[in-house]
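Student: sequence unknown, structure follows:
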């Protein structure tokens, strides 16, 4: 079985992305992942696309934004939880560790979107009553066929009843935002390597 935008068993394509529900995004335009296929016991192959025209993760000084690595791996967490480990939608995943080591030269941007491959191995897979509770994800990344580096994360899977207890008053985003202190005016975008105040 595989997951792609066009169906559950079709090959991935840089022109399409997986359904946004699998990566917990509100907008389909924010989805980076283009496909998933199992590659053995607790092993997975995930494909992604880093668009040159992304409104936030834009290349700078001829290099892709390294934050794309973090967001690509972050999207793998719910995707694998739902597609590979049978976690129901509505469950949340919370990271306890994240790190990566990369070859910066592999981040060189070209004049086209970048094709990303992640070869993922999951370890320390823990279940309770048959349901995933946590695991550690190890990924080897390639960009346009060149070795980029490795990333790893450990995360817990939280049910809709457990998540609010852990987050307390911050579990309800609307309520938490209502009590937030108003933001100060933003700095000029150019001072923080951005082009829009919204960033």
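Tutor: That came through fine. In this text, all values refer to a predicted model and were calculated from it rather than measured experimentally.

Student: Can you list the buried residues in the lengthiest strand in the chain?
Tutor: The longest strand of the chain (DSSP state E) is strand 114-128. Across strand 114-128, burial judged by 16 or more other C-beta atoms under 10 Å covers 114-118, 120-122. All C-beta spots, glycine's among them, are computed from the backbone N, C-alpha and C.

Student: With stretch 103-110 instead?
Tutor: Applying 16+ other C-beta under 10 Å to stretch 103-110 flags 106-107, 109 as buried.

Student: Please report phi then psi for the residue nearest to residue 199 when sequence neighbours are not counted.
Tutor: Of all residues not flanking residue 199 in the chain, residue 56 sits nearest, at 5.8 Å (C-beta to C-beta, 6 or more residues apart in numbering). In this entry, residue 56 is assigned phi and psi values of phi -120, psi -50 (degrees, to the nearest 10).

Student: How about residue 81?
Tutor: Residue torsions, per degrees, to the nearest 10, at residue 81 are phi -60, psi -50.

Student: And for residue 23?
Tutor: Residue 23 adopts backbone torsions of phi -120, psi 10, taken as degrees, to the nearest 10.

Student: Now it: closest residue in space that isn't a chain neighbour?
Tutor: Nearest one to residue 23, counting by C-beta to C-beta, 6+ apart, is residue 75 at 4.0 Å.

Student: For that neighbour, which three-state class applies?
Tutor: helix (DSSP: H, G, I helix; E, B strand; the rest coil).

Student: What separation is there between residue 86 and residue 131?
Tutor: From residue 86 across to residue 131, the span is 8 Å (C-beta to C-beta, to the nearest Å).

Student: Comparing these two, which shows the higher neighbour count?
Tutor: For the pair residue 86 and residue 131, the greater number of neighbours falls to residue 131 (14 against 11), based on other C-beta atoms under 10 Å.

Student: Pairing partners for that one in the sheet, please.
Tutor: Beta bridges link residue 131 to residue 128, judged by DSSP bridges.

Student: hmm, back to that, which secondary structure elements does the longest strand of the chain sit against?
Tutor: Applying 3 or more C-beta pairs under 8 Å, 6 or more residues apart in numbering; DSSP states H and E, we find strand 114-128 packed against strand 43-50, helix 67-83, strand 131-143.

Student: Output the ones you listed as JSON lines; include the columns distance to residue 189 and mean pLDDT.
Tutor: Converted to JSON lines, the helices and strands packed on strand 114-128 look like this (distance: least, C-beta to C-beta, whole Å; pLDDT from 0 to 100):
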{"stretch": "strand 43-50", "distance to residue 189": "21", "mean pLDDT": "97"}
{"stretch": "helix 67-83", "distance to residue 189": "16", "mean pLDDT": "96"}
{"stretch": "strand 131-143", "distance to residue 189": "26", "mean pLDDT": "97"}
